[in-house]
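Colleague: Let me see the structure of the following:
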Amino acid sequence: MVIRFFAYFYPPCIGGGEVILAHQAQELAARGHEVHVHCTPYSNINLSTRVDAGDSLEQGVQVHRRESLVLPFHNPLEKDLVTPAFLREVFEPADLLGCVGYPSVHLDALLVRARLTGTPLVVNNYVTQDYLARFLDSADTANQKIRSRYWRHVVRRELDRADLVIADSPKAASALAERLGLDNVVCHIGMAVDPGEFAGLGDVERAQARAALGLGDERLILAPSRVAVQKGADLLVEAAGPLLGDDVRLAICGPINEPEFHERVLALAAPLGDRVVFGQLRRPHLLALMTAAEVVVLPSRGETVGGVVFEGMHAGALAIVSDAVEAAAADYLEHGVNGLLFASEDVAALRSALERALTTDVSALKAAGQRTVAERFTWARSVDRLWGLYRQVLEARGG
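Modeller: Reported below is the predicted structural model:
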């Protein structure tokens with residue numbers, strides 16, 4: 001079967017949606033499908049870095065990076081990139097089409113293709129319940145008013161015309177159905193873990209990862225995520241500060257998406273000296289550091305899944321997660337059973353959870369977290385569920 005995904009970003013761009021797309025594409029290719037990913041060349045979602053445009057074969061996936069025009073202003077229609085080649089490539093041979101991310105120019109073109117040729121179209125939408133409510137209900141500025149009307153009248157109609165809309169959390173699925181009146185929405189938590197990536201990681205890799213960040217053998221609180229307001233690194237520094245010392249350090253590891261916010265977090269951390277470290281690590285070293293961490297924490301202000309949580313749980317760390325991570329709060333993380341949840345932006349609650357992790361026996365919670373991932377959130381199991389959804393769409397179309 002020929003499957004074509006269209007997305008703004010693909011690795012080496014790092015983000016939850018990009019990681020999900022790459023692993024799903026690779027797993028489907030490994031199962032014998034001809035998988036294509038059409039994307040832009042940008043390697044950071046703030047469009048600050050890029051790789052060469054062109055075609056390449058990457059772990060069985062045919063990747064087509066195409067030059068894009070960046071609109072010089074923030075526009076309420078969320079069409080910040082225009083990729084002319086997509087308007088042609090959506091018509092290339094395919095048995096199934098996928099639109100990945102927010103409604104965009106490529107969704108417009110894919111809907112034309114689906115209508116003219118009858119090719120099934122699936123949309124992966126990563127909007128959160130809170131984010132959807134925020135811009136549907138905002139009307140303080142002309143931009144917000146336009147955006148709200150655009151989603152209510154244009155995006156709603158476009159999503160309704162897709163064969164299936166896949167949301168990444170139960171709350172997001174409910175919001176899309178209730179707020180936009182869609183009846184073609186399902187929930188599929190797409191993020192997962194590749195246990196093979198952790199195989200062979202040992203003391204050498206852990207020592208290399210620690211050395212790269214200037215760490216010794218201290219106990220470690222690890223936040224493996226992008227440095228952006230959404231991810232809440234400022235909250236974590238404030239919460240963890242009183243708990244840090246010669247034997248406990250905090251590492252915030254991920255790409256810097258918002259430089260001004262990064263500077264603000266650095267200023268918050270400055271009084272703590274080398275008890276807080278920042279950096280970006282190669283993938284094997286980041287995973288090795290997870291296996292050395294006491295805690296993997298995601299203090300996010302809002303997102304659907306939080307894929308690094310699964311990796312931390314698999315690695316044997318205690319997962320501490322904000323309840324603004326929708327799938328964690330509504331699905332996979334049960335407070336006090338396989339991890340700890342805390343109220344979003346509640347610094348005292350986050351500090352209490354960290355203190356519990358550092359001062360009490362949480363081995364049962366860690367073991368339960370590992371079981372949760374093994375039973376539900378490996379890539380093989382995740383793509384099994386995804387393929388079941390694809391088969392329903394294809395059978396409904398007579399395929």
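
Colleague: Can you verify my assumption that R264 contacts D234?
Modeller: Yes - if you go by C-beta atoms under 8 Å, R264 and D234 touch, sitting 6.4 Å apart. Where you see a C-beta, it was placed from the backbone N, CA and C, and this is true even at glycine.

Colleague: higher neighbour count, those two?
Modeller: D234 (20 against 15; other C-beta atoms under 10 Å).

Colleague: mind listing what the closest residue to the more buried one other than its chain neighbours touches?
Modeller: Excluding the flanking residues, the one nearest D234 by C-beta to C-beta, 6 or more residues apart in numbering is V265, at 5.2 Å. With contacts defined as C-beta atoms under 8 Å, 6 or more residues apart in numbering, the neighbours of V265 are 227, 233-234, 237, 252, 278.

Colleague: how does it look with 10 Å?
Modeller: 227, 229, 231-238, 252, 256, 258, 276, 278 (C-beta atoms under 10 Å, 6 or more residues apart in numbering).

Colleague: does it sit in a helix or strand, and which one?
Modeller: Element membership of V265, judged by DSSP states H and E, is helix 259-269.

Colleague: got it, and N143?
Modeller: For N143, the element it lies in under DSSP H and E is helix 142-149.

Colleague: How many neighbouring residues does the closest residue to I20 other than its chain neighbours have?
Modeller: Nearest non-adjacent residue to I20, counting by C-beta to C-beta, 6+ apart: G190, 4.3 Å away. Residues near G190, counting by other C-beta under 10 Å, number 28.

Colleague: before we move on, back to that, could you report the pLDDT at the residue nearest to D234?
Modeller: You'll see V265 listed with a pLDDT of 97.

Colleague: same deal with S104?
Modeller: For S104, the model assigns a pLDDT of 69.

Colleague: pretty sure L180 contacts Y150?
Modeller: No - in this structure L180 lies outside contact range of Y150 using C-beta atoms under 10 Å: 11.9 Å.

Colleague: end to end, how far does stretch 149-165 reach?
Modeller: Counting by C-alpha to C-alpha, to the nearest Å, you get 20 Å between the two ends of stretch 149-165.

Colleague: so where's the stretch 51-200 of the chain uncertain?
Modeller: The model of the stretch 51-200 of the chain has pLDDT under 70 over residues 73-79, 102-105.

Colleague: Tell me where it has helices.
Modeller: For the stretch 51-200 of the chain, the helices defined by DSSP state H, counting those that start in this stretch occupy 86-89, 105-117, 129-137, 142-149, 156-161, 170-180, 195-198.

Colleague: Can you give the distance from the fourth one to the centre of its chain?
Modeller: A distance of 26 Å separates the centroid of the chain from that of helix 142-149, by C-alpha atoms, centre = their mean, to the nearest Å.

Colleague: Also the longest one?
Modeller: The gap between the average C-alpha position of helix 105-117 and the chain average comes to 25 Å, counting by C-alpha atoms, centre = their mean.

Colleague: Alpha carbons of that helix, as CSV, please.
Modeller: The C-alpha coordinates for helix 105-117 follow below in CSV (Å, rounded to 0.1, in the frame of the first residue of the first chain):
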residue,chain,number,x,y,z
VAL,A,105,-2.3,24.8,3.1
HIS,A,106,-1.6,21.1,2.5
LEU,A,107,-4.9,20.1,4.1
ASP,A,108,-6.7,22.4,1.6
ALA,A,109,-4.9,20.7,-1.3
LEU,A,110,-5.4,17.2,0.1
LEU,A,111,-9.2,17.7,0.4
VAL,A,112,-9.3,18.6,-3.3
ARG,A,113,-7.4,15.4,-4.1
ALA,A,114,-9.7,13.3,-1.8
ARG,A,115,-12.8,14.8,-3.4
LEU,A,116,-11.6,14.3,-7.0
THR,A,117,-10.1,10.8,-6.7
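
Colleague: buried set for it?
Modeller: Residues of helix 105-117 classed as buried by neighbour count (16 or more other C-beta atoms under 10 Å): 105-111, 113-114.

Colleague: Repeat that for the fourth one.
Modeller: Of the residues in helix 142-149, those scored as buried under the neighbour-count criterion (16+ other C-beta under 10 Å) are 144, 147-148.

Colleague: One more: the third one?
Modeller: Using 16+ other C-beta under 10 Å as the test for burial, helix 129-137 gives 129-132, 135-136.

Colleague: For that helix, which outside residues touch it?
Modeller: By C-beta under 10 Å, 6+ apart, helix 129-137 touches 76, 78, 102, 125, 127-128, 143-144, 147-152, 167, 169-176, 178-180, 230, 301-304, 324, 326, 330, 344.

Colleague: Look up how far F9 lies from the residue nearest to I20.
Modeller: According to C-beta to C-beta, to the nearest Å, G190 and F9 sit 15 Å apart.

Colleague: try S382
Modeller: For S382, the distance to F9 equals 20 Å [C-beta to C-beta].

Colleague: do the same with K145
Modeller: K145 sits 28 Å away from F9, going by C-beta to C-beta.

Colleague: and what of R31?
Modeller: Distance of R31 to F9, computed by C-beta to C-beta: 24 Å.

Colleague: Tell me which of these two has more neighbours.
Modeller: Neighbour count, other C-beta under 10 Å: between R31 and F9, F9 has more, with 22 against 14.

Colleague: May I have the residues that are in contact with the more buried one?
Modeller: By C-beta under 10 Å, 6+ apart, F9 lies in contact with 15, 17-18, 21, 39-45, 47, 81, 100-101.

Colleague: R301 contacts A343, doesn't it?
Modeller: No - checked against C-beta under 10 Å, the pair R301 and A343 is beyond contact range at 11.6 Å.

Colleague: Name the residue in these two with the higher neighbour count.
Modeller: R301 (17 against 13).

Colleague: so how far is L180 from L136?
Modeller: Using C-beta to C-beta, L136 is found at 8 Å from L180.

Colleague: what's the overlap in contacts for these two?
Modeller: By C-beta under 10 Å, 6+ apart, the residues touching both L136 and L180 are 151-152.

Colleague: Where do the strands of the stretch 201-350 of the chain begin and end?
Modeller: Under the criterion DSSP state E, counting those that start in this stretch, the stretch 201-350 of the chain contains strands at 219-223, 248-253, 276-279, 295-298, 318-322, 340-342.
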